[in-house]
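Trainee: structure of the sequence below:
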Amino acid sequence: MTQTLDRPPVLFLSHGAPPLADDARWTRELAEWSATFGKPTDILMVSAHWENAPVTLSATERPTGLVYDFWGFPQKYYDVRYDAPLAPGLAGEVARLVGGHGHHVEHDQGRGLDHGAYVPLKEMFPEADVPVVQMSMPTLDPQGLFELGASLAPLRDRGTLIVGSGFTTHNLRWFDPAGGPDSAPPAASSEFDQWAEEALARGDVDSILDFLRKAPAAREAHPRSEHWAPLYVALGAAYASGGIDARTAIDGFWFGLSKRSWTLG
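Mentor: Below is the predicted model:
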């Protein structure tokens with residue numbers, strides 16, 4: 001289903017480590033996905049790689065460069081640029097909306113986009129011509145993040161694309177370079193991936209929020225929940241702005257980790 005430009009969808013995507021950008025299939029899938037809904041007015045990114053309380057927004061006054069929040073990779077990954085316009089208007093709207101729901105909001109004018117934001121955006125909007133602001137996760141509490149996302153729902157009516165960026169399964173102990181990116185995933189990864197697909201297809205928000213008790217192999221798939229948590233924000237925004245209509249946009253595994261990504265509504 002193609003979204004109108006004035007009301008973009010809400011997304012959850014599995015962004016991967018920087019080398020995932022070398023995967024021709026994944027980059028093609030991201031480009032094809034973004035073509036189904038066109039260019040939004042601006043983008044609000046919620047990445048697994050920025051936890052900060054209170055809610056904090058990235059730079060809006062002057063360009064700061066990217067946050068290369070990874071270590072030990074070849075130099076080419078530190079030479080990547082993504083000079084998207086700043087989004088002060090969007091930041092102001094975010095602050096107004098979440099502030100009205102009891103959150104104090106701060107601005108970090110020295111903080112650029114981290115790799116959970118710019119790696120996928122570079123493939124989805126390669127011209128870097130859509131303004132972007134990133135928002136921190138002030139907690140990993142599922143209900144708290146869901147309610148935070150719900151407060152952001154009106155942004156869709158102004159043309160904002162809301163993106164939660166994490167990973168459907170994220171256990172780096174499974175990462176085996178010798179096995180190659182297309183090696184068979186561990187059973188725990190595939191079981192959790194299948195459960196997530198089915199739960200979202202049902203619109204079963206309660207199970208998603210209670211995944212540690214409801215999902216198979218939950219603690220193996222997510223030893224820590226920061227890569228699953230952006231989904232809560234995205235679900236809240238979709239739920240509060242018309243309901244959840246989850247459709248898988250990307251599936252498959254990369255070094256055993258599930259790349260499943262959804263259009264949520």
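
Trainee: Gly110 is in contact with Val67, correct?
Mentor: No: using C-beta atoms under 8 Å, Val67 makes no contact with Gly110, being 9.9 Å away. Placement of C-beta: from N, CA and C, glycine included.

Trainee: which one's more surrounded, these two?
Mentor: Val67 (20 against 12; other C-beta atoms under 10 Å).

Trainee: now Phe175: phi and psi?
Mentor: With angles defined as degrees, to the nearest 10, Phe175 sits at phi -70, psi 110.

Trainee: quick one: pLDDT of it?
Mentor: What the model reports as pLDDT for Phe175 is 82.

Trainee: distance of it from Val119?
Mentor: Applying C-beta to C-beta, to the nearest Å, the value for Phe175 to Val119 is 17 Å.

Trainee: off-centre distance for the one helix or strand Phe12 maps to?
Mentor: Assigned by DSSP states H and E, Phe12 belongs to strand 10-14. Averaging C-alpha positions (C-alpha atoms, centre = their mean, to the nearest Å) puts strand 10-14 5 Å from its chain's average.

Trainee: who has more neighbours, Phe175 and Val119?
Mentor: Between Phe175 and Val119, Val119 has the larger neighbour count (other C-beta under 10 Å), namely 27 against 13.

Trainee: helix/strand/coil for that one?
Mentor: Following DSSP: H, G, I helix; E, B strand; the rest coil, the label given to Val119 is helix.

Trainee: verify the contact between it and Ala21 for me.
Mentor: Yes: under the criterion of C-beta under 8 Å, Val119 makes contact with Ala21 at 5.6 Å.

Trainee: how far away is the most centrally placed residue in the chain from Asp114?
Mentor: Centroid check for the chain by C-alpha atoms, centre = their mean gives Ser165 as the closest residue, at 1.4 Å. Separation of Ser165 from Asp114 (C-beta to C-beta) stands at 9 Å.

Trainee: what residues are shared contacts of those two?
Mentor: Counting by C-beta atoms under 8 Å, 6 or more residues apart in numbering, the common neighbours of Ser165 and Asp114 are Ser47.

Trainee: which residues in this protein form helices?
Mentor: Taking DSSP state H as the test, the helices found in the chain are 24-35, 88-99, 115-124, 142-151, 187-202, 205-209, 211-214, 218-221, 229-239.

Trainee: to Ala249, which of these lies closest?
Mentor: Ala249 lies closest, by C-beta to C-beta, to one member of these: helix 24-35, at 4.7 Å.

Trainee: what's in contact with that closest one?
Mentor: 13, 16, 20-21, 120, 123-126, 249-250, 252, 254, 259, 261, 263.

Trainee: again, 10 Å this time
Mentor: Contact with helix 24-35 is made by 2, 9, 11, 13-16, 20-21, 23, 40, 119-126, 130, 161, 181-182, 249-252, 254, 259, 261, 263, as judged by C-beta atoms under 10 Å, 6 or more residues apart in numbering.

Trainee: are any of those residues buried, and which?
Mentor: 9, 11, 13-16, 20-21, 23, 40, 119-125, 130, 161, 181, 249-250, 252, 254, 259, 261, 263 (16 or more other C-beta atoms under 10 Å).

Trainee: can you read off the pLDDT for the nearest residue in space to Tyr82 that is not next to it in sequence?
Mentor: Closest residue to Tyr82 apart from its sequence neighbours, by C-beta to C-beta, 6 or more residues apart in numbering: Tyr118 at 4.2 Å. On pLDDT, Tyr118 comes in at 96.

Trainee: swap in Trp26?
Mentor: Model confidence at Trp26, given as pLDDT, is 92.

Trainee: quick check: it vs His222, distance?
Mentor: Relative to His222, and taking C-beta to C-beta, Trp26 is found at 21 Å.

Trainee: point out the most buried one among the helices of the chain.
Mentor: helix 229-239 (a mean of 28; mean count of other C-beta atoms under 10 Å).

Trainee: now the angle between helix 115-124 and it, please.
Mentor: 60 degrees (axes from the mean of the first three to the mean of the last three C-alpha atoms, to 10 degrees).
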